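Chemist: Using only what follows, build the 3D model:
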Amino acid sequence: MLTGVGVGPGEADLLTVRAVRVLREADLVVVPVMDRPGADGDAPAGRAEATVRAYVPAERLHRLPFALDDTGGVTARREAAWDAAAAAVVAAFDGGARSVAFATIGDPNVYSTFGYLAQSVRALRPTVQVRSVPGITAMQDLAARSGVPLCEGREPLTLLPATAGAALVEDALAGPGTVVVYKGWRRHPELIEALRRHGRLADAVLGRSLGLPDERIGPLDGADDDLPYLSTLLVPARRDRRGGKL
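Modeler: Below is the predicted model of the structure:
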């Protein structure tokens, strides 16, 4: 059994009871890290690893290097990382493990590396069962921390990565509902201009490094050019009165 476990935005107390149980019962817990020298050595823990350390002893944790910062699509580097990670999981099963858990920030079915790993493992061992445990997403955490409801009544909710392109972001902002943008760090100035064009800048909320010491939640700032990769932009739907969208 290979299980993708969502561990939330990064705070250990935001894991579900089921997530904690699956992590504790797994024979091996694997976590994604950058595919750089030291990934399996003394390099700082990634967010997923740091989160699950509250529940899983170090001897049952194993790092799987991925090309997490590759922006070139399905590159040879990405495919090599997927193949190597899948081979490591299969080796664990061949070595006697009955259950392997893959800890991923947020939810394993929302922009997660888990899907690529599961597909690669299945290709090598079709008999491996795959399941997932949902986790709290960054947009839910930001909505809770900022006090901004994600959607009400008939409002649509659009979630997209800034890497999908400016046209999709513009289309979403032109619509009537809430828009959430992930991975906007390199496109922050463009996002600010798009929000200004659609008259939605004043209501937008930016969350950066949620749950970490340098966390920042608040209005957008044009000078905020050092955003981390894991930043979240929440643009609430226009609401003029209570229950107006029912």
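
Chemist: Can you give me the buried ones in stretch 204-221?
Modeler: If you call a residue buried by 16 or more other CB atoms under 10 Å, then stretch 204-221 has these buried ones: 204-211, 217, 220. Every residue, glycine included, has its C-beta placed from N, CA and C.

Chemist: and which of these is nearest Asp107?
Modeler: Ranked by distance to Asp107 (CB to CB), those are led by Leu210 at 14.2 Å.

Chemist: Need the three-state assignment for that closest one.
Modeler: coil (DSSP: H, G, I helix; E, B strand; the rest coil).

Chemist: phi, psi of the closest residue to it other than its chain neighbours?
Modeler: Distances taken as CB to CB, 6 or more residues apart in numbering place Pro9 nearest to Leu210, at 4.6 Å, with adjacent residues excluded. Per-residue torsions, Pro9: phi -70, psi -20 (degrees, to the nearest 10).

Chemist: Touching, Pro9 and Asp141? I think so.
Modeler: Yes: at 4.5 Å, Pro9 counts as touching Asp141 under the criterion of CB atoms under 8 Å.

Chemist: Compute the first-to-last residue distance for stretch 197-216.
Modeler: End-to-end distance for stretch 197-216, by CA to CA, to the nearest Å: 25 Å.

Chemist: Quick one: mean pLDDT for it?
Modeler: Averaging pLDDT along stretch 197-216 gives 89.

Chemist: How far off centre is it?
Modeler: 16 Å (CA atoms, centre = their mean, to the nearest Å).

Chemist: any residues touching the helix or strand where Val89 lies, and which ones?
Modeler: Per DSSP states H and E: Val89 is located in helix 76-94. In this structure, residues lying in contact with helix 76-94 by CB atoms under 8 Å, 6 or more residues apart in numbering are 2, 27-28, 30, 32, 35, 62, 64-67, 70, 72, 100, 102, 116-117, 120-121, 123-125, 128.

Chemist: Whatever helix or strand comes next after that helix - contacts with which helices or strands?
Modeler: The C-terminal neighbour of helix 76-94 among helices and strands, as given by DSSP H and E, is strand 100-104. Where contact means 3 or more CB pairs under 8 Å, 6 or more residues apart in numbering; DSSP states H and E, strand 100-104 is packed against strand 2-6, helix 17-25, strand 28-34, helix 47-52, helix 76-94, helix 114-124.

Chemist: got the contact list for the nearest residue to Leu142 once chain neighbours are set aside?
Modeler: Of all residues beyond its chain neighbours, the one nearest Leu142 is Gly207 (3.9 Å), with distances taken as CB to CB, 6+ apart. The contact partners of Gly207, by CB under 8 Å, 6+ apart, come to 138, 141-142, 145-146, 215-217, 231-234.

Chemist: are any of those residues buried, and which?
Modeler: 138, 141-142, 145, 217, 231-234.

Chemist: Specify the beta-bridge partners of the residue nearest the centre of the chain.
Modeler: Nearest residue to the geometric centre of the chain (CA atoms, centre = their mean): Gly106, 4.4 Å. Beta-bridge pairing of Gly106 under DSSP bridges involves Gly8.

Chemist: what's it in contact with, if anything?
Modeler: 6-9, 112, 135-138.

Chemist: The contacts of Gly207 in helices, which ones?
Modeler: 138, 141-142, 145-146 (DSSP state H).

Chemist: now these as a markdown table including pLDDT and distance to Thr51?
Modeler: Listed next are the ones in helices among the contacts of Gly207 as a markdown table, based on pLDDT from 0 to 100; distance: CB to CB, whole Å:
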| residue | pLDDT | distance to Thr51 |
| --- | --- | --- |
| Ala138 | 95 | 13 |
| Asp141 | 95 | 13 |
| Leu142 | 96 | 17 |
| Arg145 | 92 | 17 |
| Ser146 | 93 | 21 |
